[in-house]
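Student: Predicted structure and sequence below. I'll ask about it afterward.
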There are 2 protein chains.
Amino acid sequence: MAGIDDVARAAGVSTATVSRALSGRGPVSVATRDRVLAAAESLGYVVSASASSLASGRTRAVGVVVPFLDRWFFSTVLAGISDALVRKGYDITLYSVSADPAERRRVFDDHLRRRRIDAVITIALELDAEESASLNGLDVPIVAIAGPNPLVTTLTVDDLAVGRLATTHLLGLGHRRITHIGADAAIDAGSTVPALRRRGFEQVLAEAGVTDARFEPADFTIEGGSAAAARALAAPDAPTALFAASDEMAIGAILAARDRGLRVPHDVSIIGVDGHELGRWFGLTTVDQFARGQGERAAHAVLAELDGAEPARGRGTLPFELVDRGSTAAPSRR
Amino acid sequence: MAGIDDVARAAGVSTATVSRALSGRGPVSVATRDRVLAAAESLGYVVSASASSLASGRTRAVGVVVPFLDRWFFSTVLAGISDALVRKGYDITLYSVSADPAERRRVFDDHLRRRRIDAVITIALELDAEESASLNGLDVPIVAIAGPNPLVTTLTVDDLAVGRLATTHLLGLGHRRITHIGADAAIDAGSTVPALRRRGFEQVLAEAGVTDARFEPADFTIEGGSAAAARALAAPDAPTALFAASDEMAIGAILAARDRGLRVPHDVSIIGVDGHELGRWFGLTTVDQFARGQGERAAHAVLAELDGAEPARGRGTLPFELVDRGSTAAPSRR
DNA sequence: CTGTTAGCGCCTTCAG
DNA sequence: CTGAAGGCGCTAACAG
C-alpha cells in the first residue's frame, strides 16, 4: 500500500506538500497540486485514517448513538444522517446502546472516548446527567435529536404541540371520548417525548372542558398498540377516537379495530405520529415529523460546527405537520 | 484527557507495562496489572484509537457496507451484527452505498481504504469484479452476506432452494396458476438472489409439468408488490396463488388483493420470503431467513478470523424455514 | 516480568 | 509556495 512518501517521490515534492495538496490546507501552487493529485491517483494512495488523526486530531468520522437499529424511526433518521455525511466524506461510527445498563455505560465511558470521532449525534436517547457529562467531556460538537435536554445541544420537535395538534384535530371533528395510547412513563416524568405528547393531549382536552382524558400504556410497537387499542375499545363506554403516540402503535390500533369488526374511521377514528411509510397503506392520518429530514438536519448542524460555526446552543426546532389520509372523521355515534 | 504516561506515572511503571496490562498482550504480574487498572480507572483513561491503531495495525472496528439503511432486512441484519460486535468491544463503521455509481466508487476506493477497520461485512451487495478486488486488496477478513460470489467469502442462503420450497408448498396445495413477483433481472443474470428465487420457482413448476410460469416484476417494496399483484390479478385467467420474493412485496400483494375484494387465502394464496415482523399481522405465510441471525453469524465469522481462525473459504450456508401463518390454502376455484 | 527504545504514517510549525 | 524536522500517543521488539 502506497504511503505519502511514495506519492511525494512520484510527484517530485516533499511529503509536506503532498499533505497540503491532498488535504487542501495550506498553500500549494496549482501546478504542484495537479501533479500531486495525479501521482496519488495513479498510485491509489489513500491517507491512513489513524496516522492522519494522530497527527491532526481530526478523524473525519461522526459517531451516531441509537437505542435501536431495527425500528423504522431510527433507521430512517440514520439513513438521513448517512446521506448527508457521506456526501461530505465523513464516515459514520455506529454506537447502538442496549437496555443493559452495564453495556450502556461501556459505550459512553469506553467506546465513545476512544477519540475516534469528530462529533456525536444521538437519536432519541434520554441521557442522564452522567451520560451528558461524558459526552460533553469528549469536547466535540454534539447534537441530540430528542426531547429538550438542557445538558446538550438539541434538535427537537415540539412534542407538546404535536400532542395538541393531534388532539385538536380529533376534537374539531366532534370527538369527546378519546383514548391516548402512549408510553407508560409517569406524566410528571416531564420532558420525555412520550410524556410531552401526552401532556399536549391532556391540555387540549382540559381546555375544551373534556374532563375524561383516557390513557392506555403501550410500548411503541404494533403489537403494543394493538393490545392497548383492544383494551380501550372493550370498555362499555368505548372511545370514538384513538390518538396513538406513534404510527406503529396506530397501525396496531387499526388492526385491533378491524379485529373487533369496527370500521375506521366510521366506527372509530385513529391518528398517529411519525409519518411511517406504512401509514399510507393503512390510510393512516398522522402527524408527520419527517424522520429522514431530522437526520439530515442533525448532520448539517454537526458539519457546520466542525466548519467552525458557533455551536447552536440550546434548541433547534424541527417541523411537523398533520397529514390527513382518512383514518379520522366525525364520530357516527355519541 | 489522561494519556498513557499519566497512567504509567500514577501506577509507578513504564508506559510499555501500562500498554501490556491494558491490552492483555504480553506478560504482566497480577499485582502490577491491578495497579495499572486501578490507575487507569481513576484517571478515566481510555486508549486513543488512532495512536493505538497506528502503532499496532489493529483498529477494533469492523466496517459494514449496506445498500439501504431504511429497509427492514438491512436494518435487522445490522442490528444482529451490532449486537455481536459490541459485545466484543468492537466499533462499527457504517458505509452506506447509494445507487449513484460515483458515490459507490468513492466508498470502495476511498472510505473503505482509509485503514480504519479490521474487517468488512457486506450485506446483500452485488459486488462487481473491481469492487471485489478492492475489498480483497484491503487485506482484512471479509464476509459477504449475499448470493454466492466466487470472489469473496460469502455467507449465503440457498435461494434456489427457497424458491423451490415456496413453490412446492403452493403446488402441494393444488395450485397450478401461480405468478411469481420478483426482481426484473434477466433470469440468466444468474446468481443474484432474486434470479435464484425465480429459477427455483420455474424449476419446480417445470418438474411438475406446469408450463405456465407467470412472472411480474417489482422492486421489493410494498408499493411495487401491490402494483405487480394488481396486474397479475387483473388477468382474465387470474392466478390462484402469488409467490413474492420478499415479504414486503407479499404484504403489498395482500393489500392489492383486498382492494379487489379478494379474500386471502380463500380467493388467492400468497406467500413471501423474509420473516418480516409485520408478516405476523397479515397472517402471511413466508420462508423465514432469520435476518438478525444472519448478522450475528457474519459478525462471529469475522471475529473468528480476527482471532486467527482460518478464513472460511467459499460459502457458509444460512438456514431458512417455511412459516405457515395462513395466507395460503388450497385453491377454491380452478 | 519490566523498562528502554524505535518507530507506526502523517501533519504542521518554522525557515527559506 | 515549498522543504526539513519534530512530534501526535501508543506498541513491539529487545534487553535486562
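Tutor: Thanks, I have it.

Student: drop to CA atoms for contacts and neighbour counts, all remaining ones
Tutor: Noted.

Student: and the residue of the stretch 51-200 of chain A nearest chain B?
Tutor: For the stretch 51-200 of chain A and chain B, the shortest gap (C-alpha to the nearest C-alpha) falls at A:Thr93, measuring 4.4 Å.

Student: helix, strand or coil for that residue?
Tutor: strand (DSSP: H, G, I helix; E, B strand; the rest coil).

Student: Excluding chain neighbours, give the residue nearest to A:Gln294 in space.
Tutor: Leaving aside its sequence neighbours, A:Gln294 sits nearest to A:Val77 (C-alpha to C-alpha, 6 or more residues apart in numbering or on different chains; 6.2 Å).

Student: ditto for A:Leu173
Tutor: A:Ala330 (4.7 Å).

Student: Could you report the pLDDT at the residue of the stretch 51-200 of chain A closest to chain B?
Tutor: pLDDT recorded at A:Thr93 is 97.

Student: burial count for it?
Tutor: 23 (other C-alpha atoms under 10 Å in any protein chain shown).

Student: And A:Asp212, its phi and psi?
Tutor: Main-chain dihedrals, A:Asp212, degrees, to the nearest 10: phi -100, psi 80.

Student: Could you find the closest non-adjacent residue to it?
Tutor: Distances taken as C-alpha to C-alpha, 6+ apart put A:Arg177 closest to A:Asp212, at 7.2 Å, once the chain neighbours are dropped.

Student: any idea how chain A splits into domains?
Tutor: By the assignment in automatic domain parsing, chain A contains the domains A:4-56, A:61-157+A:291-317, A:159-288.

Student: what about the first one, near DNA strand C?
Tutor: Yes. Between domain A:4-56 and DNA strand C, judged by C-alpha under 7 Å from any atom of the strand, the touching residues are A:4-5, A:15-20, A:23, A:25, A:46-48, A:51-56.

Student: Pull up the residues of chain A that are close to chain B.
Tutor: For chain A, the contact set with chain B under C-alpha under 8 Å from any C-alpha of the partner chain comprises A:46-51, A:53-54, A:68-72, A:75-76, A:78-79, A:82-83, A:86-87, A:89, A:91-96, A:110-111, A:113-116, A:255, A:281.

Student: Okay, now the sheet partners of the helix or strand bottoming out on mean pLDDT in chain A, with direction.
Tutor: Within chain A, confidence by mean pLDDT, DSSP states H and E is lowest for strand A:315-318 among all helices and strands, at a mean of 85. Strand pairing for strand A:315-318, determined by DSSP bridges: strand A:154-157 (parallel).

Student: what residues does the partner strand touch?
Tutor: Applying C-alpha atoms under 8 Å, 6 or more residues apart in numbering or on different chains, the contact partners of strand A:154-157 are A:143-148, A:289, A:298, A:314-320.

Student: If any of those residues are buried, give me the PyMOL selection for them.
Tutor: The PyMOL selection below is limited to those of the contacts of strand A:154-157 classed as buried (16 or more other C-alpha atoms under 10 Å in any protein chain shown):
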select buried, chain A and resi 143+144+145+146+147+148+289+298+315+316+318+320
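
Student: Tell me the one among the contacts of strand A:154-157 nearest to DNA strand C.
Tutor: Using C-alpha to the nearest atom of the strand, A:Val143 is the member of these that lies nearest DNA strand C, at 23.9 Å.

Student: nearest spatial neighbour of that closest one, skipping sequence neighbours?
Tutor: Sequence neighbours aside, A:Ile121 is the residue nearest to A:Val143 in space, at 4.9 Å (criterion: C-alpha to C-alpha, 6+ apart).

Student: Can you check my assumption that that neighbour lies in a strand?
Tutor: Yes. Per three-state DSSP, A:Ile121 lies within a strand segment.

Student: List the contacts of it.
Tutor: Neighbours of A:Ile121 in contact, by C-alpha under 8 Å, 6+ apart: A:62-65, A:142-145, A:298-299, A:302.

Student: Show me those that map onto helices.
Tutor: A:298-299, A:302 (DSSP state H).

Student: out of those, which one sits closest to DNA strand D?
Tutor: A:Val302 (23.1 Å).

Student: Quick check: the gap between the spatially most central residue of chain A and A:Tyr90.
Tutor: Centroid-nearest residue in chain A: A:Ile123, 4.3 Å away (criterion: C-alpha atoms, centre = their mean). Here the criterion is C-alpha to C-alpha, to the nearest Å. By it, A:Ile123 lies 18 Å from A:Tyr90.

Student: Please apply the same query to A:Ile145.
Tutor: The separation that A:Ile145 has from A:Tyr90, given C-alpha to C-alpha, amounts to 19 Å.

Student: same question, A:Leu205
Tutor: 47 Å.

Student: and if you look at A:Ala2?
Tutor: 22 Å.

Student: now the strands for chain A?
Tutor: A:61-66, A:91-96, A:119-123, A:142-145, A:154-157, A:178-182, A:214-217, A:241-244, A:269-274, A:285-288, A:315-318, A:321-323 (DSSP state E).

Student: so which of those gets nearest DNA strand C?
Tutor: Nearest to DNA strand C, of the strands of chain A and by C-alpha to the nearest atom of the strand, is strand A:61-66 at 13.8 Å.

Student: which bits of chain A sit near DNA strand C?
Tutor: For chain A, the residues in contact with DNA strand C (C-alpha under 7 Å from any atom of the strand) are A:3-5, A:15-20, A:23, A:25, A:46-48, A:51-57.

Student: Report the buried members of the residues you listed.
Tutor: Here, 16+ other C-alpha under 10 Å leaves A:4-5, A:15, A:17-19, A:46-48, A:51-54 buried among the residues of chain A next to DNA strand C.

Student: picking that back up, more neighbours: A:Ala2 and A:Tyr90, which one.
Tutor: Per other C-alpha under 10 Å, whichever of A:Ala2 and A:Tyr90 has more neighbours is A:Tyr90, with 19 against 12.

Student: Might you report the residue contacts of that one?
Tutor: Taking C-alpha under 8 Å, 6+ apart as the test, what A:Tyr90 contacts is A:60-62.

Student: can you pick the most crowded of the residues you listed?
Tutor: A:Val62 (27 neighbours).

Student: what bridges to that one?
Tutor: In beta-bridge terms (that is, DSSP bridges), A:Val62 pairs with A:Ile92, A:Ala119.

Student: Might one say that it is in contact with A:Thr122?
Tutor: No. Counting by C-alpha atoms under 8 Å, A:Val62 does not reach A:Thr122; the two are 10.6 Å apart.

Student: Cool, thanks, talk later.
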